[in-house]
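Colleague: One predicted model, sequence on top.
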Amino acid sequence: MAMFIGKPKLAFLTAAGVIWQLAQRQPKVPPGIWILITLATSTEIGSSLFHTLATQ
């Protein structure tokens, strides 16, 4: 049975969450920051799905 979430994946999710919280405090956030949040979240989701489903 594969482990669903590991330390590297958890780091991507934590980083995306922290950046999102900091961005919410700003009156105007550049589009690049939202792209960064989206990429970090997508990386975590994609990695989790790949490492969970590819071994089955």
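Modeller: Ah, there it is.
Colleague: So I33: helix, strand or coil?
Modeller: Three-state call for I33 (DSSP: H, G, I helix; E, B strand; the rest coil): helix.
Colleague: Okay, now the unreliable bits of this structure?
Modeller: Residues of the chain meeting the criterion pLDDT under 70: 1-8, 55-56.
Colleague: Where do the helices of it begin and end?
Modeller: In the chain, the helices defined using DSSP state H lie at 7-24, 31-53.
Colleague: export the ones you listed to JSON lines and tack on mean neighbour count?
Modeller: The way it works is simple: take the backbone N, C-alpha and C, and place the C-beta from them, glycine included. What follows is these, written out as JSON lines (neighbours: other Cβ atoms under 10 Å):
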{"stretch": "helix 7-24", "mean neighbour count": "14"}
{"stretch": "helix 31-53", "mean neighbour count": "14"}
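Colleague: List the contacts of V18.
Modeller: The contact partners of V18, taken as Cβ atoms under 8 Å, 6 or more residues apart in numbering, number zero.
Colleague: Distance check, it against L36.
Modeller: According to Cβ to Cβ, to the nearest Å, V18 stands 11 Å off from L36.
Colleague: can you pull the contacts of the most centrally placed residue in the chain?
Modeller: Geometric centre of the chain, nearest residue: T41, 2.5 Å, by Cα atoms, centre = their mean. The contact partners of T41, by Cβ under 8 Å, 6+ apart, come to 12-13, 16.
Colleague: How about F12?
Modeller: 40-41, 43-44, 47.
Colleague: ok, those vs G32, which is closest?
Modeller: For the contacts of F12, the minimum distance to G32 (Cβ to Cβ) is 12.6 Å, reached by A40.
Colleague: For A54, grab the count of nearby residues.
Modeller: 8 (other Cβ atoms under 10 Å).
Colleague: Now do the same contact list for L36.
Modeller: When contacts are counted by Cβ under 8 Å, 6+ apart, L36 is found next to I19.
Colleague: For it, give its distance to H51.
Modeller: The value you get for L36 to H51, if Cβ to Cβ is used, is 22 Å.
Colleague: measure the residue nearest to S48 when sequence neighbours are not counted to A16 for me?
Modeller: In space, and not counting its chain neighbours, S48 is closest to K9: 5.5 Å by Cβ to Cβ, 6 or more residues apart in numbering. For K9, the distance to A16 equals 11 Å [Cβ to Cβ].
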